[in-house]
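Participant: turn this into a structure:
(chains A, B, C and D)
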Number of protein chains: 2
Amino acid sequence: METRELRYFVAVAEELHFGRAATRLGIAQPPLSRAIQQLERRLGVPLLVRAHRAVTLTEAGAVLLREARAALDAVDAAEQRTRRAGRDGVDGRLVLVTKTGASSELLAKLVDAYAAEEGAAPVEVVLCQAGEQERMLRDGRADVALLHLPFDDVEGLEVEPLETHRQVAVLPAGHPLSTRESLTLAEVRGVADLPLRFPTYDGGEAGEHAVRDVTQLLQLVGLGRASAVLPESVDAFLSDAHAAVPVSDAPEVTTVIAWPELATSPALALLVRTATRL
Amino acid sequence: METRELRYFVAVAEELHFGRAATRLGIAQPPLSRAIQQLERRLGVPLLVRAHRAVTLTEAGAVLLREARAALDAVDAAEQRTRRAGRDGVDGRLVLVTKTGASSELLAKLVDAYAAEEGAAPVEVVLCQAGEQERMLRDGRADVALLHLPFDDVEGLEVEPLETHRQVAVLPAGHPLSTRESLTLAEVRGVADLPLRFPTYDGGEAGEHAVRDVTQLLQLVGLGRASAVLPESVDAFLSDAHAAVPVSDAPEVTTVIAWPELATSPALALLVRTATRL
DNA sequence: CCGCAGTGATACCCGGTCGGTATCGGTCCG
DNA sequence: CGGACCGATACCGACCGGGTATCACTGCGG
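Facilitator: Here you go, the predicted structure:
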């Protein structure tokens, strides 16, 4: 199977519409239809059910969609990592990615401590939206990431825990609940005038605009438009407009350093060692 | 990047010789040279150093070799798993692979226990040479494997431990050491007339023929041509011609059940649950 | 009931590129 | 110095991927 075929199939499987998929791929619809037919013929397996007015995946199609995404990630990673190895050398530069606003003091300490090490490579810090980091790690755009359990998916990644924080509810200053010693998740969720928001990557439901990072979310809280439950390390970002109250039954958040499984770079190994020693 | 290019590059990188690589790929040498040049141009990175009489990998080439193998495995896995999903349905049949002669009683118990479960799928047991199992798991030919730590590489696989065994030295019956209560690795290794052999996949050095499975190895031991250090569960295979003595400083061997990380099949989940309950 | 919009399949053509053969150019060895 | 070895280059033909035009089928609205 060629990656072109996989890309085509993924497009159709995601759009469930040949015309739109073709547009997205920048080709015309007939060659796309033909490519998918060829793929099905060669695999000897129907992948799509073409009912008039609705394309759906077969069982085998669903399997291929999942596997094809992983395979394409692996191919992209091969390309990216080779390019980077050629440009910077195997240890030329480390790309460290983390969510905007998360674990910022830890990040600062880590970057400083690493820079002081013998044989450290230059580190490029990339901040991205929640949910994007794992993908960047998997497709080779990044070498290493700070992730947060239990929120991020670390399947297929090597992981070392760094620190664990309890979570606090962040409320607008002066809110009735803000004087409490402690709260429960249910209580926070129960405040009718302050929808409890989490930073999420995938778009919310009708009218709900997804919040993409912690700073955005804190701004909303400061404006009295939302509440949030976040690791206690956020208080570095809190202003007079915020109040933080521990949430007793929220799960603890573990910040971990994560990297692709088959990574072998000594510079990366040193970074991980530095991180775990902090 | 297309998988064809990756396959070509892997062939050249492994052979370090364009002519042989071309033969292995079933094409002529000129198109292969051209394809590699195109790849290097598109990546903007030299992958190979063509010194007269010797092709060698650059740093970037070494990175691409490693990444390309992983990517090609992922693509093959996508193809195999889709085919199997189409033929047997998502849960139609489980392919369980393990090394010839290893953990045989455990395997028998597992297969029986699983067959007795509600909703079990037919299980096909495949026996293969040491070192082949992980590859079969990774490229989709198998769904699940019995592996042995610390010998097998479980990177990128989900794993559940099943049982742990001490290791014993297997000697020809009547050998001087065979009456001892216990031995050390050094002692076993020190017996000049009995080379200590391990079942390994990769070929040995000059004249050393690699032993590919436990049965072969035990036959050699019975003939007084070798000694071996193996998990104590082998005594099911021992005959009058063998003697087993515990080895005090050999690492314990843990038999684990392993499966690809993104597997979702309920039949597989049931098998794993059955295995851990044994 | 007919016509039209929507959607995937088919027919057909063109051009790029992949693969083949022949040959070159450089190096090492006898 | 000549020949073997090995990768690069030159050139050609055939296949296939992509484009346009059109068909075939369905479902809906007037």
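Participant: just the buried positions in stretch A:166-179, please.
Facilitator: Of the residues in stretch A:166-179, A:167-172, A:175, A:177-178 count as buried by neighbour count, 16 or more other Cβ atoms under 10 Å in any protein chain shown. Quick note: C-beta positions are derived from backbone N, CA and C, even for glycine.
Participant: likewise for stretch A:50-63?
Facilitator: A:55, A:57-63.
Participant: next one: stretch A:182-192
Facilitator: In stretch A:182-192, counting by 16+ other Cβ under 10 Å, buried: A:183, A:185, A:187-188, A:191.
Participant: show me which residues of the strand or helix carrying residue A:137 are buried.
Facilitator: Here residue A:137 sits within helix A:132-138, counting by DSSP states H and E. Within helix A:132-138, the residues scored as buried using 16+ other Cβ under 10 Å are A:132-138.
Participant: where do the helices sit along the stretch 101-250 of chain A?
Facilitator: Ranges of helices within the stretch 101-250 of chain A are A:104-115, A:132-138, A:185-190, A:214-222, based on DSSP state H, counting those that start in this stretch.
Participant: what sits against residue A:58?
Facilitator: By Cβ atoms under 8 Å, 6 or more residues apart in numbering or on different chains, residue A:58 lies in contact with A:45-49, B:86.
Participant: pull out the buried residues from those.
Facilitator: For the contacts of residue A:58, buried by 16+ other Cβ under 10 Å: A:45, A:47-48, B:86.
Participant: and the two most separated of the residues you listed?
Facilitator: A:48 and B:86 (12.0 Å; Cβ to Cβ).
Participant: of the buried residues of helix A:132-138, which one scores lowest on pLDDT?
Facilitator: Lowest pLDDT among those: residue A:132, with 81.
Participant: residue A:87 touches residue B:45, doesn't it?
Facilitator: Yes: counting by Cβ atoms under 8 Å, residue B:45 is a contact partner of residue A:87 at 7.4 Å.
Participant: tally of neighbours for residue A:126?
Facilitator: 14 (other Cβ atoms under 10 Å in any protein chain shown).
Participant: so what sits opposite it in the bridge?
Facilitator: Beta-bridge pairing for residue A:126 (DSSP bridges): residue A:97.
Participant: wait, it sits on residue A:143?
Facilitator: No: using Cβ under 8 Å, residue A:126 is not in contact with residue A:143, being 10.2 Å away.
Participant: quickly list what's touching both of those two.
Facilitator: The contact lists of residue A:126 and residue A:143 share A:95-96, where a contact means Cβ under 8 Å, 6+ apart.
Participant: near DNA strand D, which residues of chain A show up?
Facilitator: A:4, A:26-28, A:30-31, A:34-35, A:38, A:52-53 (Cβ under 7 Å from any atom of the strand).
Participant: for chain B, state which of those residues is nearest.
Facilitator: Among those, residue A:4 lies closest to chain B (Cβ to the nearest Cβ), at 6.4 Å.
Participant: pull out the buried positions in the top helix by length along chain A.
Facilitator: In chain A, ranked by residue count with DSSP state H as the criterion, the top helix is helix A:59-88. For helix A:59-88, the neighbour count (16+ other Cβ under 10 Å) marks A:59-86, A:88 as buried.
Participant: the bottom helix or strand of chain A by mean pLDDT?
Facilitator: strand A:196-197 (a mean of 74; mean pLDDT, DSSP states H and E).
Participant: quick one on the thing from earlier: in strands, which of the residues of chain A next to DNA strand D fall?
Facilitator: Assigned to strands by DSSP state E, none of the residues of chain A next to DNA strand D qualify.
Participant: between those residues, identify the one with the most neighbours.
Facilitator: residue A:35 (20 neighbours).
Participant: for residue A:82, see how far away residue A:259 is.
Facilitator: 17 Å (Cβ to Cβ, to the nearest Å).
Participant: got it, and residue A:171?
Facilitator: 49 Å.
Participant: compute the distance between the residue located most distally from the centre of chain A and DNA strand C, please.
Facilitator: Distance from the C-alpha centroid of chain A, by Cα atoms, centre = their mean, peaks at residue A:52 (36.4 Å). In this view, residue A:52 and DNA strand C are 6 Å apart by Cβ to the nearest atom of the strand, to the nearest Å.
Participant: local confidence estimate at that residue?
Facilitator: Reading off the model, residue A:52 has pLDDT 77.
Participant: show me the contacts for it.
Facilitator: Residue A:52 touches nothing, counting by Cβ under 8 Å, 6+ apart.
Participant: could I get the phi/psi values of it?
Facilitator: Backbone torsions for residue A:52, taken as degrees, to the nearest 10, come to phi -60, psi 130.
Participant: go on, the one 5 residues further on?
Facilitator: Main-chain torsions, residue A:57, degrees, to the nearest 10: phi -80, psi 140.
Participant: show me what the one helix or strand residue A:23 maps to is packed up against.
Facilitator: Taking DSSP H and E as the definition, residue A:23 sits inside helix A:18-25. Packed against helix A:18-25 by the contact rule (3 or more Cβ pairs under 8 Å, 6 or more residues apart in numbering or on different chains; DSSP states H and E) you find helix A:3-15, helix A:29-43.
Participant: just name the most buried of those.
Facilitator: helix A:3-15 (a mean of 20; mean count of other Cβ atoms under 10 Å in any protein chain shown).
Participant: contacts for that one next, please.
Facilitator: Helix A:3-15 is contacted by residues A:18, A:21-22, A:24-25, A:32, A:35-36, A:38-39, A:47-48, A:55, A:57, A:61, A:64-65, A:68-69, A:71-72, A:75, B:1-3, B:75, B:78 when judged by Cβ under 8 Å, 6+ apart.
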